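Engineer: I'll drop the sequence and a predicted model, then ask my questions.
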There are 2 protein chains.
Amino acid sequence: MAISAFAAPAAKQPLVEYAYEPAPLGAAEVEIEISHCGVCHSDLHLIDNDWRTSTYPLVPGHEIVGLVAAAGVESNLVVGQRVGTGWQRSACLACEHCLAGNENLCPFQEATCVGHPGGFARRIRTDARFVFPLPRELEAAAAAPLLCAGVTVFAPLRRWKVRAGAPVGVIGIGGLGHLAIRFLRAMGCEPVAFTSSPDKRDEVLRLGAVDVASSTDAREVRRFADRFEFVLSTVPSRLDWITYLQTLKPNGVLCLVGAPPGLMSIPAGQLLTSQRVICGSDIGSPGAIRDTLAFAAEHNVVAEVETAPMADANAALQRVRDNRVRYRMVLTN
Amino acid sequence: MAISAFAAPAAKQPLVEYAYEPAPLGAAEVEIEISHCGVCHSDLHLIDNDWRTSTYPLVPGHEIVGLVAAAGVESNLVVGQRVGTGWQRSACLACEHCLAGNENLCPFQEATCVGHPGGFARRIRTDARFVFPLPRELEAAAAAPLLCAGVTVFAPLRRWKVRAGAPVGVIGIGGLGHLAIRFLRAMGCEPVAFTSSPDKRDEVLRLGAVDVASSTDAREVRRFADRFEFVLSTVPSRLDWITYLQTLKPNGVLCLVGAPPGLMSIPAGQLLTSQRVICGSDIGSPGAIRDTLAFAAEHNVVAEVETAPMADANAALQRVRDNRVRYRMVLTN
C-alpha cells in the first residue's frame, strides 16, 4: 500500500503531497505508523540541498514517533509498540566504529531522509536496530525532538563526562540549546545560557539556566572568563571563539554540535597553556539514544514544543526558517 | 656559599659566569649538586625574553639531574640520592587543580628559571615536591631530557589513553618528537614521523618510526588520510592543519605540545562529522613525571643526546638555535 507523504519536488521548493510505494519490509525492519515528527534545521538544509546530498522528491523529517505497524521477523519490536527513530537509519554494524558502539561514526551509515523518504508522512519503513521503544513516561510530541536534538546535546555531555555541579556554558537557545539547559540542570550542573535573543532571558531562566548572557557581545561573554568546564555550542554562526575559549577553565572543553560556516580562528597558545580542548560531536549512537531516552524519562526532560498538523508543514517550515519557534516545531498526524 | 652559574645579563645576550647567594634552604626544599642539564628551546625563549616573563641576570636550564647535596627536614629525599627536576618549580598545592593531581595547571605555579636561577649552574635549591628520584636504570645524561621534553610528550599519550597498536602521527622530530617516537614504539603503537628534514629518514626509522613523511608537503601528508587515532605536534610552526585533521580517524585527537605562532584556521565541519578533537598539553604534573621516569626505566626509553661541558654553554645554545642538535643537547659539570 502506497505511503502518503509530503515532499519537496526540487531544491528550495515548497512541499507537496506525495505518495510512494515502499520497498518490501525487510526481516530487520519495522513499519512505523507516524504520530509525530519534529522539524529540525537540518530538514531545511536537506530541502535546500545545502549539503549537496539531497535527492528529490525529498521527504524530510527525522524526529519520528509512532506505533509499530509491522515488524520484520528479525526485529526485536512488536506491533503496537510506541517507538521513535532519529537522523540515522542504518550502519554497517561490522566496522571498527560500529563494533565499538559508535555506529554514528560508521563510514557506511545512512540517514533517514537522505536517499530515503523521511518522517513527514503517514508511515515509514526503517531498520529496527535504529528504532527505539519510547519510555511510557514520555509524552509523544514533547519526546519526538529527543530523537535528534536531544541525543545530539546529551551524547557529548556523557562522552565528556560532564560532572554534577559543573559550570557549563550553552551557546544558542533553540531546539538543541533549550534541551541542553534542561538536561544539564537535571544532571545537577549550573548551565549559563548565551543567546542572541536577549528577550528570551526570563524564559531561559525558567528552563533552568542559572544565568543568561548575550552570545554576540564579547564584553558579556568575558564576564565568564575561566568559569566553565564545558561549553556546548549549538549555533551554526561565526562567533568570537577566542573569547569563548577564555571562558574555559584548564582542561575545559568547547564542544560544537552546530557547524559555523568557514574557518574558526584559534590561537594555539590558548589550547596549550591550559590544556583546553575543541571538539565536535555528531548526533549519537543507538546506545546514546537509549541513554538519552532513559535519562529523559527518569528526570522528566522533554522539549518545549509547538505542534501543527502535518498538512501545514510548509507554514511550520517557514516558522522554523524565521527562527520564530520556541523551541521545537512538531508535526502531527 | 655562593652558587656558580652561567647567566644571560640581558635579553639576547651571551651567557657569562655568574655567582649568586641562594636563599636559606627551606624545610621542603633540597639542594641539588647538578651533574647534567638539558638544553630546551624554551631556554632560548627565556634568554631572548620572547614571553616577556624573563628577569635578568637569567640562569637558564630546566632539565636537571644531579645528587641531593642538602635536604630540608620536610623533604622526602636524602643526601646523596640521584634526582631530577624539570620546568615546574612549585605550585600552591591547595587549588582545585593541584588537589586533582594537575599541579601543572595551578594558577600559582612557578617555573624553575623564571624569577629563579635555573640549572646552568653547579647547584640549585628548589621545592623537593618537584624533585624526583631517578630510577637507577637510567643513565644521567640521556635521562635529563625526560624531565621536560620527555614528560611533555608522554603525559598527553597517557591522558588521552593512546592504546597499544594505535597508529599515531608525530609532527617534528627534534628533542620532543624523537622521544615521542621512542615512547610510542615502546607502548606498542605504530608511530609515523612527519619531519621537515627528509635527510633524517633512516635515523628516524631507527628511532622506531614505521614510516617517515615530509611535514610540509601536503601531498605526502594526505597519504595518511583517515589513518591516525592520535597526532602529536611538537613543532612551533604554522602547518597545513586542515590536511593534518584529515589524517585523523573518527574520534581522533590532534594534540599540540608546540605552539604555532598566530591563529590556526580550523573548519568546524571537520570537527563535527567525525568527532575530531584538537587540544593542547602543557608539560606534566609531578605524577606524570614519575610515570614518565618509571615507564622510561622499564622500557629503556631515553633521549639521544650530545653532551658538552657547562663552560661551553654558549656554543651549545648556538647549536640548538641552529637546529643542528640530534636530538638533545645536555650540558655536564
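Structural biologist: Happy to help now that I have it.
Engineer: So residue A:184 is in contact with residue A:170, correct?
Structural biologist: Yes. Counting by C-beta atoms under 8 Å, residue A:184 does reach residue A:170; the two are 7.1 Å apart. Bear in mind the C-beta positions are built from the backbone N, C-alpha and C, glycine included.
Engineer: Pull up the overlap in contacts between those two.
Structural biologist: residue A:191 (C-beta atoms under 8 Å, 6 or more residues apart in numbering or on different chains).
Engineer: and the gap between residue A:271 and chain B?
Structural biologist: From residue A:271 across to chain B, the span is 3 Å (C-beta to the nearest C-beta, to the nearest Å).
Engineer: and the residue nearest to that residue when sequence neighbours are not counted, how many neighbours does it have?
Structural biologist: Among residues not flanking residue A:271 along the chain, residue B:280 sits closest, at 3.3 Å (C-beta to C-beta, 6 or more residues apart in numbering or on different chains). Neighbour count for residue B:280, taken as other C-beta atoms under 10 Å in any protein chain shown: 23.
Engineer: contacting residues for residue B:280?
Structural biologist: Contacts here follow C-beta under 8 Å, 6+ apart; on that basis residue B:280 touches A:268, A:270-276, B:255-257, B:259.
Engineer: now for the host helix or strand of residue A:34, which elements pack on it?
Structural biologist: Assessed by DSSP states H and E, residue A:34 sits inside strand A:29-39. Helices and strands touching strand A:29-39, by 3 or more C-beta pairs under 8 Å, 6 or more residues apart in numbering or on different chains; DSSP states H and E, are strand A:64-71, strand A:82-85, strand A:123-127, helix A:140-143, helix A:313-321, strand A:328-332.
Engineer: Highest mean neighbour count out of those?
Structural biologist: Greatest average neighbour count among the helices and strands packed on strand A:29-39 goes to strand A:328-332 (a mean of 25), per mean count of other C-beta atoms under 10 Å in any protein chain shown.
Engineer: Can you give the contact residues for that one?
Structural biologist: The set of residues external to strand A:328-332 that reach it, using C-beta under 8 Å, 6+ apart, is A:35-39, A:61, A:63, A:120, A:141-142, A:144-145, A:149, A:175, A:178, A:303-310, A:312-313, A:316, A:319-320.
Engineer: Any of these buried? List them.
Structural biologist: A:35-39, A:61, A:63, A:120, A:141-142, A:144-145, A:149, A:175, A:178, A:303-308, A:310, A:313, A:316, A:319-320 (16 or more other C-beta atoms under 10 Å in any protein chain shown).
Engineer: List the contacts of residue A:302.
Structural biologist: Neighbouring residues of residue A:302 by C-beta under 8 Å, 6+ apart: A:138-139, A:142-143, A:146, A:182, A:296.
Engineer: Now pLDDT too, for the residues you listed, in CSV please.
Structural biologist: Listed next are the contacts of residue A:302 as CSV, based on pLDDT from 0 to 100:
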residue, pLDDT
A:138, 98
A:139, 98
A:142, 98
A:143, 98
A:146, 98
A:182, 98
A:296, 98
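Engineer: what's the closest of those to chain B?
Structural biologist: residue A:146 (19.8 Å; C-beta to the nearest C-beta).
Engineer: and the residue of the stretch 51-200 of chain A nearest chain B?
Structural biologist: Closest to chain B within the stretch 51-200 of chain A is residue A:105: 3.8 Å, counting by C-beta to the nearest C-beta.
Engineer: quick one on the thing from earlier: which residues does the residue nearest to residue A:271 form a beta bridge with?
Structural biologist: Counting by DSSP bridges, residue B:280 is bridged to residue B:256.
Engineer: Helix, strand or coil: sort out the closest residue to residue A:197 other than its chain neighbours for me.
Structural biologist: Leaving aside its sequence neighbours, residue A:197 sits nearest to residue A:173 (C-beta to C-beta, 6+ apart; 7.4 Å). At residue A:173 the chain is in coil, as set by DSSP: H, G, I helix; E, B strand; the rest coil.
Engineer: Number of residues surrounding residue A:173?
Structural biologist: Neighbours of residue A:173 (other C-beta under 10 Å): 29.
Engineer: Help me confirm that it comes into contact with residue A:192.
Structural biologist: No. Counting by C-beta under 8 Å, residue A:192 is not a contact partner of residue A:173; they are 10.9 Å apart.
Engineer: which ones are touching the residue sitting furthest away from the middle of chain A?
Structural biologist: Here the centre of chain A is the reference, and by C-alpha atoms, centre = their mean the most remote residue is residue A:273, at 33.0 Å. For residue A:273, the contact set (C-beta under 8 Å, 6+ apart) comprises B:280, B:282.
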